[in-house]
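1. quick one: sequence and predicted model below, then my questions.
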Amino acid sequence: QVQLVESGGGLVQVGGSLRLACAASGRTFILITMGWFRQAPGREREFVAAVSWAGSSTWYGDSVKGRFAISRDNAKNTVYLEMNTLKPQDTAVYYCASTPRSGSVSSTDTYDYWGQGTQVTVSS
């Protein structure tokens, strides 16, 4: 099994920045992709970004392209999400996810392991 623990959420003003971290433990050698999703109250979980665990491929949701950056540190088994130029609509609980399976990186169905989530609130 794989365990994921997110950190770095909080309250930030419009235009500000935050960096989220997701620490993976357990059988991390099986992982292919790590992703970030978010969910605002009353809305479906939305794809934010993903990165291949072994390579350098990255993917982003349309709403965060050019503002967010995903990266990984394999030595620390940690994935980061750098969030810049934050907007009120970025307010959500952010979840880290991972999978040992291939599939659409933007689909929640592809991911087998999820963290508990971290709240990000952007105030105007």
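-> Cool, the structure landed. From a predicted model like this one, the values you see are computed outputs, not experimental measurements.
2. for the residue nearest to the spatial centre of the chain, report the pLDDT, please.
-> A centroid search over the chain (Cα atoms, centre = their mean) returns residue 36, at 2.0 Å, as the residue closest to the centre. The model reports residue 36 with a pLDDT of 98.
3. for residue 55, same thing?
-> Here, the pLDDT recorded for residue 55 equals 67.
4. partners of the residue nearest to the centre of the chain in the sheet?
-> Beta-bridge partners for residue 36, by DSSP bridges, are residue 49, residue 96.
5. from what I can see it touches residue 49, true?
-> Yes - Residue 36 lies in contact with residue 49 (Cβ atoms under 8 Å); the separation is 5.0 Å. All C-beta atoms are positioned from the backbone trio N, CA, C, and that covers glycine.
6. now do the shared contacts for these two.
-> 70, 81 (Cβ atoms under 8 Å, 6 or more residues apart in numbering).
7. surely residue 105 is in a strand?
-> No - Residue 105 is assigned coil when assessed by DSSP: H, G, I helix; E, B strand; the rest coil, not a strand.
8. mind checking how far the residue lying closest to it once chain neighbours are set aside is from residue 14?
-> Closest residue in space to residue 105, ignoring its immediate chain neighbours: residue 50 at 4.1 Å, by Cβ to Cβ, 6 or more residues apart in numbering. Distance, residue 50 to residue 14, using Cβ to Cβ, to the nearest Å: 26 Å.
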